[in-house]
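Novice: Fold the following, please.
(one chain, ligands or ions: 1)
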Amino acid sequence: MKFYSTNNKNHKVDLRTAVIQGLAPDNGLYMPESIPVLNQAFIESLSTLSFKEIGFEVTRTLLGADLPESELEKLINQTLQFDAPIVQLKPNVFTLELFHGPTLAFKDFGARFLAGLLGYFAKEQNREITILVATSGDTGSAVANAFLNVPGTRVVVLYPSGKVSVAQEKQFTTLGGNITALEVNGTFDDCQRLVKQAFLDADLKQKLFLTSANSINIARLIPQSFYYFRAYAQVQQTAPVVFAVPSGNFGNLTAGLLAKRMGLPIANFVAATNANDVVPEFLRTEKFNPRPSIQTISNAMDVGNPSNFVRMLDLFNHDFKALSELIKGSTITDAETREAMQQVYRDKGYVMDPHGAVGYLGLKQFLKSKPDHTGICLETAHPAKFADVVETTLKTKVELPERLQKFMRGEKKVVKISSKFDAFREVIIGCLGKG
Ligand SMILES: *Cc1c(COP(=O)(O)O)cnc(C)c1O
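Specialist: Next up is the predicted model:
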């Protein structure tokens with residue numbers, strides 16, 4: 001498969017280049033040059049297949065020419081170590097739990113697939129790849145855990161001292177091995193600046209074979225399509241199926257569009273956002289008006305300029321009518337989010353996290369006008385990840401899953417640095433030199 005840049009369809013690269021570069025040199029996002037359709041027999045047999053069999057077939061159809069079959073199998077085995085079960089909330093409403101991975105959020109899927117691919121490329125090139133990642137919390141933990149002990153890879157996580165929660169910090173500072181955590185005396189923006197500057201430093205980039213694990217990487221998107229197939233397989237398919245996706249950068253929703261293009265018969269999508277609703281606004285008005293983000297209780301979706309929006313347009317060849325017929329926007333306030341969490345807890349005893357609740361409400365609004373549909377909303381994180389909001393809203397204690405408790409018992413190991421580039425440069429050359 002070749003991948004083109006959304007800024008220039010004639011700029012095409014192979015899978016390895018697209019994954020190692022992340023972003024195209026012209027700042028476009030990579031897209032597959034064609035999207036193959038899965039055969040009908042596969043779609044019809046979905047409910048008899050395991051999650052791994054589904055992931056394997058989707059990946060083989062898309063990237064089969066780029067990887068030996070044995071590597072593909074390894075990649076899927078390593079990515080899908082946990083399931084994505086559905087839970088029924090009403091006769092025609094289901095929630096798709098995407099938080100059964102090591103860091104309790106759907107980002108584990110993308111990070112693990114990316115780790116597997118980069119591990120393969122490192123072996124093929126016979127050199128170590130260094131992944132630099134700046135984090136304000138969640139991305140760092142998903143990436144660090146995905147790359148832990150992947151041969152040929154090394155991860156350096158930069159995070160702002162005192163500005164991430166203890167639970168988040170524990171998830172990437174206690175791992176050791178090929179994971180190095182740098183505690184930066186500065187802000188998240190300082191961390192991002194240091195990473196950007198490292199990529200502009202040609203000598204450093206060459207010495208360390210640097211790459212990023214940014215969320216715009218096409219390798220993070222592909223595996224997120226797997227669970228749409230998995231979810232569809234688990235519901236009665238007699239009614240049209242709608243997926244409601246709580247969204248920030250719109251990677252998850254774009255992965256759903258990919259699944260549909262590959263042949264999964266999805267009738268509609270709901271693009272559910274918090275107050276950061278540039279996409280729902282676009283779907284209403286055809287005007288895209290990115291703006292600074294607003295803080296909400298579903299903070300992983302506080303995005304004012306969603307990076308995957310260009311991919312959505314590209315998939316539809318900028319056909320607004322087609323896009324706005326398939327995808328319905330929904331804007332949810334914090335007060336509505338809390339109310340929905342309370343209502344579902346009262347009626348079903350089910351604890352939703354604030355992000356999942358935004359998706360749930362988006363779905364509820366959609367089903368008012370189309371009650372014949374079967375709805376699936378994506379639950380993107382475990383409620384324990386947002387225990388503060390959940391506990392104050394539901395007035396109940398959230399239990400920490402065992403895998404989170406294990407992190408909490410680990411010992412924090414970091415290298416403390418200032419926010420000056422020279423100091424950062426010296427430290428990474430030093431710690432990577434030691435192998
Ligand atoms: C990242 C994240 C989102 C937003 O997903 P996008 O793919 O960026 O739209 C939603 N919920 C949670 C919990 C997240 O971590």
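
Novice: hmm, the helix or strand encompassing Ala259 in reach of the ligand?
Specialist: Take DSSP states H and E as the rule and Ala259 turns out to sit in helix 251-261. Yes - Helix 251-261 reaches the ligand (C-beta under 6 Å from any ligand atom) through 251-252. C-beta coordinates here come from the backbone N, C-alpha and C atoms, glycine included.

Novice: Centre of the chain to that helix, how far?
Specialist: 12 Å (C-alpha atoms, centre = their mean, to the nearest Å).

Novice: Show the average pLDDT along it.
Specialist: Averaged across helix 251-261, the pLDDT comes to 98.

Novice: name the helices or strands packed onto that helix?
Specialist: In terms of contacts (3 or more C-beta pairs under 8 Å, 6 or more residues apart in numbering; DSSP states H and E), helix 251-261 is packed against helix 218-221, helix 226-234, strand 241-246, strand 266-273, helix 309-315.

Novice: Quick one: work out the angle between the longest one and strand 266-273.
Specialist: Here the directions of helix 226-234 and strand 266-273 differ by 130 degrees (axes from the mean of the first three to the mean of the last three C-alpha atoms, to 10 degrees).

Novice: Helix 226-234 near the ligand anywhere?
Specialist: No - remark: helix 226-234 sits outside contact range of the ligand, by C-beta under 6 Å from any ligand atom, the gap being at least 12.4 Å.

Novice: so what's Tyr40 closest to, chain neighbours aside?
Specialist: Rather than Tyr, residue 40 is Gln. Gly263 (7.5 Å; C-beta to C-beta, 6 or more residues apart in numbering).

Novice: Can you classify the one you found by secondary structure?
Specialist: Assigned with DSSP: H, G, I helix; E, B strand; the rest coil, Gly263 falls in the coil class.

Novice: hey, what's the one residue in the stretch 51-200 of the chain that gets nearest to the ligand bridged with?
Specialist: For the stretch 51-200 of the chain, the residue closest to the ligand is Ala105, as judged by C-beta to the nearest ligand atom, at 4.7 Å. Applying DSSP bridges to Ala105 yields these beta-bridge partners: Ala381.

Novice: Which residues are in contact with the most centrally placed residue in the chain?
Specialist: Nearest to the mean C-alpha position of the chain, by C-alpha atoms, centre = their mean, lies Lys107 at 3.8 Å. Applying C-beta atoms under 8 Å, 6 or more residues apart in numbering to Lys107 gives the contacts 138-139, 142, 215, 220.

Novice: one more time with 6 Å, if that's ok
Specialist: Shown in contact with Lys107 (C-beta atoms under 6 Å, 6 or more residues apart in numbering): Ala142.

Novice: tell me the strands in the stretch 1-150 of the chain, going along the chain?
Specialist: Here the stretch 1-150 of the chain has its strands, by DSSP state E, counting those that start in this stretch, at 3-5, 8-13, 30-32, 86-90, 93-97, 129-134.

Novice: With distance to Lys397, mean pLDDT and mean neighbour count as new columns, can those strands be given to me in JSON lines?
Specialist: Putting the strands of the stretch 1-150 of the chain into JSON lines (distance: least, C-beta to C-beta, whole Å; pLDDT from 0 to 100; neighbours: other C-beta atoms under 10 Å) gives the following:
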{"stretch": "strand 3-5", "distance to Lys397": "47", "mean pLDDT": "97", "mean neighbour count": "21"}
{"stretch": "strand 8-13", "distance to Lys397": "50", "mean pLDDT": "95", "mean neighbour count": "13"}
{"stretch": "strand 30-32", "distance to Lys397": "44", "mean pLDDT": "97", "mean neighbour count": "23"}
{"stretch": "strand 86-90", "distance to Lys397": "20", "mean pLDDT": "97", "mean neighbour count": "15"}
{"stretch": "strand 93-97", "distance to Lys397": "20", "mean pLDDT": "98", "mean neighbour count": "23"}
{"stretch": "strand 129-134", "distance to Lys397": "32", "mean pLDDT": "93", "mean neighbour count": "24"}
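
Novice: Could you save these as a markdown table and add columns showing distance to Thr392?
Specialist: Listed next are the strands of the stretch 1-150 of the chain as a markdown table, based on distance: least, C-beta to C-beta, whole Å:
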| stretch | distance to Thr392 |
| --- | --- |
| strand 3-5 | 44 |
| strand 8-13 | 48 |
| strand 30-32 | 41 |
| strand 86-90 | 22 |
| strand 93-97 | 22 |
| strand 129-134 | 29 |
